[in-house]
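S.K.: predicted coordinates and the sequence they were generated for:
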Amino acid sequence: STYNNMGEVYRHQGRYEQALETLSKALAIRLATLGELHPDTASTYDNMAVVYDEQGRYAEALENYAKSLHIRQATLGDTHPTTATTYNNIAIVCQELGQLDAALDHYSKALHIKRTRLGENHPSTANTYNNMGVVYELQQQYPLALDHYHRALAIRRAVLGDTHPSTAACYNNMAGV
């Protein structure tokens, strides 16, 4: 846990090689003590994936997210909110790679879980609607982009209020379409 936390601090400082070195130590310890199929092991894979993503090392990010997803599905199930978060993270990397159909597929899986487990009016559900809107906008599918931005906006206004920065971000996204 300490190595994992240290790795996160290094990442926040932009010290990526130290982050990966420290996270690798955390992973080795977690694999030895907890095994491959443990949520904490998945968390370390997630943290490593974030570092790789921030470095633009997308293939390695996806590889680590895939390992995390496998663990999350095996230990928490296909409908757990944390599994949805991993789908969301994979979608972000796919989007960065320009693999927009794959990004939408993963966002759709995340959205289904969030709507089912967290409810339609949850900020995390709104975030996924917003993310999907971004992808639809990149695909120049403007009616779908606006539909998803409107859904995100309605949730954010109801839950976070009209003056919240996330609500303002929806207005900004909609104005760009």
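M.R.: Thanks, I have the structure now. Everything numeric in this text was worked out from a predicted model, so none of it was measured.
S.K.: how close does residue 91 get to residue 51?
M.R.: Going from residue 91 to residue 51 by C-beta to C-beta, to the nearest Å gives 18 Å. No exception for glycine: its C-beta is placed from N, CA and C like everyone else's.
S.K.: neighbour-wise, which of those two wins?
M.R.: Between residue 91 and residue 51, counted using other C-beta atoms under 10 Å, residue 91 has the larger neighbour count: 27 against 24.
S.K.: could you say which helix or strand holds that one?
M.R.: helix 81-96 (DSSP states H and E).
S.K.: what's that helix packed up against?
M.R.: If contacts are counted by 3 or more C-beta pairs under 8 Å, 6 or more residues apart in numbering; DSSP states H and E, helix 81-96 sits against helix 39-54, helix 58-75, helix 100-117, helix 123-138.
S.K.: from the chain's centroid, how far away is it?
M.R.: The chain centroid and the centroid of helix 81-96 are separated by 4 Å, computed with C-alpha atoms, centre = their mean, to the nearest Å.
S.K.: centre-most residue in this structure?
M.R.: Computing the C-alpha centroid of the chain and ranking residues by C-alpha atoms, centre = their mean puts residue 89 first, at 2.7 Å.
S.K.: which residues does that residue contact?
M.R.: Residues near residue 89 by C-beta atoms under 8 Å, 6 or more residues apart in numbering: 46, 49, 50, 65.
S.K.: leaving out the residues flanking it, which one is nearest to the second one?
M.R.: Taking C-beta to C-beta, 6 or more residues apart in numbering, and ignoring the residues beside it in sequence, residue 49 has residue 64 as its nearest neighbour in space, at 3.7 Å.
S.K.: look up how far residue 90 lies from that neighbour.
M.R.: Here residue 64 is placed at a distance of 10 Å from residue 90 (C-beta to C-beta).
S.K.: same deal with residue 144?
M.R.: Counting by C-beta to C-beta, the gap from residue 144 to residue 90 is 21 Å.
S.K.: so which of the contacts of residue 89 is the closest to residue 173?
M.R.: residue 50 (23.4 Å; C-beta to C-beta).
S.K.: which residue is the nearest non-sequential neighbour of the closest one?
M.R.: residue 11 (6.6 Å).
S.K.: try residue 176
M.R.: In this structure, residue 176 finds its nearest non-sequential neighbour in residue 137, 7.3 Å apart by C-beta to C-beta, 6+ apart.
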